[in-house]
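# Provided below for reference: sequence and predicted model.
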Amino acid sequence: MEPARADIYVGKDRQVHCEGAWTLQYLADLERRLAGFSWPDLTDLTCDASNITAMDTGGAVLLYRGLGALEREGRRVALRGLRPEFAELVRMVSLNWTWIEPAAAPPKPSWLEKIGRRTWDRLLGGAGALAFLGESVAVLLRLVGVPRSLRWRVVLGSLETDGFNALPITGLLTFLMGVVIAYQGAEQLRTFGANIFVVDLVGISLLREIAPLVTAILVAGRSGSAYTAQIGTMKVTEELDALRTLGISPIEFLVLPRVLALIVALPLLTVYADVVGVFGGMLIAASQLGVSFSEFVSRFHDAIALRHFLIGVGKAPVFAIIVALVGCYQGFQSGGGVDSIGRHTTISVVQAIFLVIVFDAGFSVLFNWWKV
Amino acid sequence: MVFAATRSEPPLIEVHHVCSRFGPVAVHDDVSLEVYRGELFAIAGGNGAGKSTLMREIILLREPSSGSIRVFGQDIQSLSDAEALKLRRRCGVMFQHGALFSSLTVMENVAVPLREHTRLSKGLIAEIAAFKIALTGFPWASVAKYPSELSGGMRRRAALARAIALDPELLFLDEPTAGLDPMSASGFDELIQQLKELLGLTIVMVTHDLDSLWRVADRVAVLGNGKVLGTGTMEELSRVEDPMIREYFHGPRGRAAREQAWNRK
């Protein structure tokens, strides 16, 4: 039976003997052996390879690399007895070695180059976003003249999936938000005997801030990401190019219907969130603070000005535009491979939520100036 | 019609009476064939003849509805997971569209099997991968590129480099020359033949490229109507009287490919 393992050792005759199967299976051990190998102290080495019973390309690379290292040390190596078919493999390695080496260890870019590349990429990204925004507005303006050419069917479909289908989760979340706020306030208010003010607390915070914000964040995660994935996949499968060659603007066909659908859906969702959230607060007010439903409602009527509701619902369309545009833009940005869709979907959700909160903060400052 | 092959060694792949169904549609209805060590075996046939399905069944991606397949003498339906893994390591597969991992560069793509299945050092893995890439004639200036930045021909070569990364004994090629220009296609045929000699490969190639069949295939099985219409060398097959095979080989394209093959000889 031939020796199955691969081996290399120095014999009594001070020759290097290579043996066994120099194949990938045994190569790892062999490589480790070679790393700490004590070569005989000779300038003219003889390497007996006649007992190599099998060799694949990995073995050939390892053998050639070992010989090369010895020759760099200034020794001469005579390789003897290698079977012709294995010698052919080693010859192929030697023919290609001039570029195997640099390809295997490509130079790493310097930090300066990295910074430069990143900056340039960011700048290009910014310019791309502006161009996308500009094109969307241009297409919108063109469509305002001929509203019939808008894809109403797509708008309606989007309204259902992004609006109607989001009702349960939006309701549940804002209901819980109402419950949480009322609970947190109840403790403090009871100490001052100001139980009835739970209405102001729940009403203003929900209507003005929390309902629109939570709804927008939810839609960003639910629909913005879907937009990115859909459009990104269409880009990878060249469907976007197909649309262009058919004379259909992808922005008109894919982006505007989605933006319009969200502009309608998000304020409606916000109103629904207001109602459910306040109802949640009302339940806690009744059970924890002894504020009955009728007291709650009459106080709500007196204490909560209409403007709070309007401000909350008024912010929703802005959030809708942000979520839809960011989602679609990131879809167009993805390209090349499958992994880029995943990456851009993440970016889309993070950017959309980030921008929604930044705009919300901006609104707060603005309304404070105007004293509303 | 089957031309008896007289060989001493048992076949590397034996497909016995395989039937495959997709719902009510039968793709294979009693398909049998044998592939021997060291040959370049081509599976030919029209679109939808079940060539790729048969290949997928041999490489353990799909189970046939009935019948048995033996690879390296083992019945692949009764393999344990560990045995299946061993078998897979002995086979390399090049998919029709390359199926390169899009998040990795060409170099990293070829290194994936080596990194997963060996415990070699990073340096040696990179060198072996680079050598494989060199063998396929992939332009070395592009090894750090991502698959999306490559042309079709380059992608094909990179996929081939990955398929031979582990020095498989058995190499499967799914439509290796489809969609390549005639020059690239014949270049690819030559490459496959060189690699076969150099690495001692047995190759199973699914194709309907008649030029390619004449140029490189040692034996060809023609699939049609869910059956093997004929097996043999191209010369043998081109003499067969079966109307479907005649249609396949003696259509205008078939004739041109054949004449070309003769002129070369």
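That came through, no problem.
# residues in contact with A:G312?
A:206-209, A:211-212, A:270, A:274 (Cβ atoms under 8 Å, 6 or more residues apart in numbering or on different chains). C-beta here means a position set from N, CA and C on the backbone, and glycine is covered the same way.
# and if we set it to 10 Å?
A:204, A:206-213, A:215, A:267, A:270-271, A:273-274, A:363 (Cβ atoms under 10 Å, 6 or more residues apart in numbering or on different chains).
# Among those residues, list the two that are farthest apart in space.
A:I204 and A:P267 (18.6 Å; Cβ to Cβ).
# Name the residue in the two with the higher neighbour count.
A:P267 (21 against 17; other Cβ atoms under 10 Å in any protein chain shown).
# Where does that one sit: helix, strand or coil?
helix (DSSP: H, G, I helix; E, B strand; the rest coil).
# quick check, distance from stretch A:327-344 to the centre of its chain.
Stretch A:327-344 sits 9 Å away from the centroid of its parent chain (Cα atoms, centre = their mean, to the nearest Å).
# In that stretch, which residues are buried?
A:327-334, A:337, A:340-341, A:343-344 (16 or more other Cβ atoms under 10 Å in any protein chain shown).
# Equivalent analysis for stretch A:214-234, please.
In stretch A:214-234, counting by 16+ other Cβ under 10 Å, buried: A:214-232, A:234.
# among those, which are in helices?
Counted as lying in helices by DSSP state H, out of those, are A:214-219, A:225-232, A:234.
# Out of those residues, which comes closest to chain B?
Relative to chain B, the closest of those is A:G232; by Cβ to the nearest Cβ it sits at 12.4 Å.
# Give me the below-cutoff pLDDT ranges for chain A.
A:1-4, A:104, A:336 (pLDDT under 70).
# So what are the sheet partners of the top strand by length along it and their directions?
In chain A, with assignment by DSSP state E, the single longest strand is strand A:44-55. Counting by DSSP bridges, the strands paired with strand A:44-55 are strand A:16-22 (parallel), strand A:76-80 (parallel).
# any idea which helix or strand comes after the longest one?
Sequence order places helix A:24-35 as the next helix or strand after strand A:16-22, per DSSP states H and E.
# relative to strand A:44-55, how tilted is that next one?
Angle, helix A:24-35 to strand A:44-55, by axes from the mean of the first three to the mean of the last three Cα atoms, to 10 degrees: 160 degrees.
# List the buried residues of stretch B:29-36.
B:31-36.
# Same question for stretch B:178-197.
B:178, B:180, B:184-189, B:191-192, B:195-196.
# excluding its backbone neighbours, what's nearest the closest residue to chain A within chain B?
Minimum separation of chain B from chain A (Cβ to the nearest Cβ) falls at B:S102, amounting to 2.7 Å. Spatial nearest neighbour of B:S102, chain neighbours left out: A:G337 (2.7 Å); criterion: Cβ to Cβ, 6 or more residues apart in numbering or on different chains.
# A:L173: neighbouring residues, count only.
There are 19 residues near A:L173, going by other Cβ under 10 Å.
# what sits against the closest residue to chain B within chain A?
At 2.7 Å from chain B, A:G337 is the closest residue in chain A, using Cβ to the nearest Cβ. Each residue near A:G337 by Cβ under 10 Å, 6+ apart is listed here: A:236, A:343, B:100-104, B:146-149.
# From B:Y146, how far off is it?
7 Å (Cβ to Cβ, to the nearest Å).
# Pull up the overlap in contacts between these two.
B:100-104.
# B:I164: which of the residues you listed is nearest?
B:L100 (14.1 Å).
# Surely that closest one is within a helix?
No. Checked against three-state DSSP, B:L100 lies outside a helix; its state is coil.
# Please state the backbone phi and psi of it?
phi -70, psi 150 (degrees, to the nearest 10).
# Quick check, it in contact with B:R162.
Yes. At 7.0 Å, B:L100 counts as touching B:R162 under the criterion of Cβ atoms under 10 Å.
# more neighbours, the two?
B:R162 (29 against 25).
# measure the residue nearest to that one when sequence neighbours are not counted to B:I245 for me?
Among residues not flanking B:R162 along the chain, B:V110 sits closest, at 4.9 Å (Cβ to Cβ, 6+ apart). Between B:V110 and B:I245 the distance is 39 Å, computed by Cβ to Cβ.
# Looking at these two, which is more packed in?
B:V110 (30 against 21).
# so does the lengthiest helix in chain B get close to chain A?
When chain B is parsed with DSSP H, its longest helix is helix B:182-199. Yes. Helix B:182-199 is in contact with chain A by Cβ under 10 Å from any Cβ of the partner chain, via B:194, B:197-199.
# which one of these sits closest to B:V18?
B:L199 (28.4 Å).
# Go through stretch A:175-185 and flag the buried ones.
For stretch A:175-185, by 16+ other Cβ under 10 Å, it's A:175, A:177-179, A:181-183, A:185.
# Equivalent analysis for stretch A:17-36, please.
With the criterion 16+ other Cβ under 10 Å, stretch A:17-36 contains buried residues A:17-28, A:30-31, A:34.
# And the furthest pair within those residues?
So, the buried residues of stretch A:17-36 by Cβ to Cβ: farthest apart are A:H17 and A:L24, at 21.2 Å.
# quick check: domain ranges of the chain?
You didn't say which chain, so I picked chain A. A:7-104, A:150-370 (automatic domain parsing).
# nope, chain B
Split by automatic domain parsing, chain B gives B:1-90+B:169-233, B:97-167.
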